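Student: Need the 3D shape of this:
(2 chains)
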Amino acid sequence: MTHTDSHTDVTAPLLQVSGLKVHFPLRPGLFGKPAAMVKAVDGVDFTVHRGETLGLVGESGCGKSTTGLAVLRMTPLTEGRIVFDGEDISHPDAATTKRLRRKMQMVYQDPFGALNPRMRVLDIIGEPLRVHRLTRTRAEYRERVMDLLDRVGLKAEMADRYPHEFSGGQRQRIGIARALAADPSLIICDEPVSALDVSIQAQVINLLEDLQRDLGLTYLFVAHDLAVVRHLCHRIVVMYLGRVVEVADRERLYQAPRHPYTRALLGAIPIADPDPVVQARFNPSVDGEVPSPIDPPPGCPFHPRCPHATDLCRREAPRPIDVEDGHSVACHLHDPSRVAEMNHSEPSYQEQARNIA
Amino acid sequence: MSTETSTATATATATPRTEPAATLLRVENLHTVFEKDDSVVHAVNDVSFDVRRGEVLAIVGESGSGKSITAMSLLRLIPSPPGQIIGGRVLFDGQDLLDLPDDAIRQLRGRDISMIFQEPMTSLNPSLRIGRQLAEPLRVHGSVPKDKVRERCIELLRQVRIGDPEKRLDAYPHELSGGMRQRVMIAMGLACLPRLIIADEPTTALDVTVQAQILELLRDITRASQSSMMLITHDLGVVARYADRINVMYAGRIVERGTAHDIFHRPRHPYTVGLMESMPRLDDAIGNRLTPIPGSPPDLSDPPSGCPFHPRCRFAQPRCKQERPPLERLDQEHWKACWVNLDDTH
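Tutor: You can find the predicted model right below:
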């Protein structure tokens, strides 16, 4: 353990992901036809700072969950580099992997499927303690689990019960307690509240906030619900079809989204207020659906659905451009060096860029 | 300016607000139970409401509130055993659907009242081409002459904005995306021009940009055909945008009913208030803490005494534990089942 502690620099980012690609082969066809590749993650860069919550958002097939699994090193990388706590973990050996399993934990979406139904809560929560031999005596083990139960708002007497005796919200608390057991520095939450009813969801959101404040945790929060993400995440990475389209802090992302996809996504969320003035903000500006990651469109992955697409977008994928400090957008409309090539026959590109900005 | 345009859209609903439209469907004291092990679960308990001509009526609630069981009970789609409708009436066109002979209710399903389910993946038969499935309601109800069936199917696919409809008729469900499959489900629901469409979480399985397309489409089509829609959902955003009136269900009962404005701007039941407060909103101040409803919904095989919400209610009084409050009218459209008088200051 001293190994990691020795080169911990508290000002350095906890996690740096660069050029990440994860491609999966589909089952090969008959007669040795080469297998098609699913480009689940296709060139993703982001950084997670210590103590923050970074949101990874996007619709199904955008690669957000695969990115989470790649960070956990539960899926092999096709390309790219992952640096965690100052250490390159792109190709970890067995010992490093075991160490990582302790320092990174995961909270899953499905509170019903993620807990072993035959184990008592005591042993579900205590499993990381046993695996990593973090407690010496049975009494110490039990005491540590009791602390964890208390942390997540469950009662000590619940330790000897089985998962089926708990409600969905309580099971998610059990999953969170288990994730905390080995004292991790990064918790990857994959849709941790999307299976919960709204009244219970708020309890778990508050718990995640309290734990971060009290324990200084860092979260990588994978989710599709943009209202939940706005509430919990300090910075947000918007993904589309395996790529990052926009990165910004939450204030800027929600108040001044730049990428046409981010704007469409935010405009498509029904707002819980029937007032006509509020409803006028509802503006789902895209048609169609996300194309298959097996055969993604050339150029910008969003161009087939983008109201501003030009020949340049169909031809060439945009690079991320810093539009402000800490706010980057991968869209030709926002690239001063490329926008002149956009060849609009309709309203001038400057006008389009202004409308978008 | 945006205000004017959206107000214009809002008033374009089939019925002006001043004179309530005629009732299309009346549900009285519906009571549906499920036998589970040795206990009886009262999934829907003494539920009464109307659906008016041309309106979108929402039923909102969390899982286990009884909203889907209510919808399925109306069309007698409750699997029996273990389920059973043990009381109430469902009046449609003056006849009680719960009393109709089996073949008569089969005739009515899909023709007068159709249902759109939440899982387009499981509601379509994977081994039949889209065209064959779309044609089924038309054949069963004989609404279109045989030689016109294909034409009508193409027209329906076009109506739900599926491109290349002639080709799509020959596709199998797995060849279509999730959004397309849900469009096909809507087309099937609309095939016989029903007067009531019951949509049970019609977009829950879909991405948000696709959800928006489907719901706008569903609303436009029901408006254009002057049908009524019962929208069953847990999503308060969806309800706020599409519903004219809303029933809020909790533990098998309606606890509050009102116009969308009543429910969102003047909620009077502590459960409705709690739902609003526990929801993260896009227009909240950043850093705001949510106020969850404590505890979890009750076990309906052993419901609490008195008001079913009292164990979780921060306004509960001794009376709430003993006596169950009836659903009472507050004003023209607004009803609540609660002993406590909440005002706007809660």
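
Student: what secondary structure does the residue nearest to A:Ala70 when sequence neighbours are not counted sit in?
Tutor: Closest residue in space to A:Ala70, ignoring its immediate chain neighbours: A:Val22 at 5.3 Å, by C-beta to C-beta, 6 or more residues apart in numbering or on different chains. The way it works is simple: take the backbone N, C-alpha and C, and place the C-beta from them, glycine included. Three-state call for A:Val22 (DSSP: H, G, I helix; E, B strand; the rest coil): strand.

Student: One more: B:Pro194?
Tutor: In the three-state summary, B:Pro194 is assigned as coil, counting by three-state DSSP.

Student: Contacts only, for the residue nearest to A:Ala70.
Tutor: With contacts defined as C-beta atoms under 8 Å, 6 or more residues apart in numbering or on different chains, A:Val22 is in contact with A:Ala40, A:Val41, A:Gly63, A:Thr66, A:Thr67, A:Ala70, A:Thr75, A:Pro76, A:Leu77, A:Thr78.

Student: Narrow the residues you listed to just the buried residues.
Tutor: Of the members of those, the ones counted as buried by neighbours, 16 or more other C-beta atoms under 10 Å in any protein chain shown, are A:Ala40, A:Val41, A:Gly63, A:Thr66, A:Thr67, A:Ala70, A:Thr75, A:Leu77, A:Thr78.

Student: Pull out the buried residues from the helix or strand containing the first one.
Tutor: In the assignment (DSSP states H and E), A:Ala40 maps to strand A:37-48. Of the residues in strand A:37-48, those with enough neighbours to count as buried (16+ other C-beta under 10 Å) are A:Val38, A:Lys39, A:Ala40, A:Val41, A:Asp42, A:Gly43, A:Val44, A:Asp45, A:Phe46, A:Thr47, A:Val48.

Student: How about stretch B:110-120?
Tutor: Applying a neighbour-count criterion of 16+ other C-beta under 10 Å, the buried positions in stretch B:110-120 are B:Gly110, B:Arg111, B:Asp112, B:Ile113, B:Ser114, B:Met115, B:Ile116, B:Phe117, B:Gln118, B:Pro120.

Student: List the contacts of residue 293.
Tutor: Going with chain A. If a contact means C-beta under 8 Å, 6+ apart, then A:Pro293 has A:Val38, A:Lys39, A:Ala40, A:Asp42, A:Gly61, A:Gly63, A:Leu241, A:Gly242 as its contacts.

Student: right idea, wrong chain: chain B
Tutor: With C-beta under 8 Å, 6+ apart as the criterion, the residues that contact B:Ile293 are A:Ser199, A:Ala202, B:Tyr271, B:Gly274, B:Leu275, B:Ser278, B:Arg312.

Student: Go through the buried residues of stretch B:110-120 and name the one nearest A:Pro260.
Tutor: Out of the buried residues of stretch B:110-120, the one with the shortest distance to A:Pro260 is B:Pro120. That distance is 27.6 Å, counting by C-beta to C-beta.

Student: Mind pulling up the pLDDT for the closest one?
Tutor: In this prediction, B:Pro120 carries a pLDDT score of 60.

Student: same thing with B:Gly295?
Tutor: 90.

Student: cool, B:Ala10 as well?
Tutor: pLDDT recorded at B:Ala10 is 42.

Student: So which elements touch the helix or strand where A:Pro128 lies?
Tutor: Of the helices and strands defined by DSSP H and E, A:Pro128 is found in helix A:121-131. For helix A:121-131, the helices and strands in contact under the criterion 3 or more C-beta pairs under 8 Å, 6 or more residues apart in numbering or on different chains; DSSP states H and E are helix A:138-151, helix A:168-181.

Student: deepest of those, which one?
Tutor: Using mean count of other C-beta atoms under 10 Å in any protein chain shown, the stretch among those with the greatest mean number of neighbours is helix A:168-181 (a mean of 24).

Student: Which strands and helices lie in contact with the helix or strand following that helix?
Tutor: Next helix or strand after helix A:168-181 toward the C-terminus (DSSP H and E): strand A:186-190. Secondary-structure packing of strand A:186-190 (3+ C-beta pairs under 8 Å, 6+ apart): helix A:64-71, strand A:104-107, strand A:218-223.

Student: Nearest approach to B:Arg129 belongs to which of those?
Tutor: Distance to B:Arg129, taken as C-beta to C-beta, is lowest for helix A:64-71 among these, at 32.8 Å.

Student: Run the angle between the closest one and strand A:37-48 for me.
Tutor: For helix A:64-71 and strand A:37-48, the angle between their directions (axes from the mean of the first three to the mean of the last three C-alpha atoms, to 10 degrees) works out to 70 degrees.
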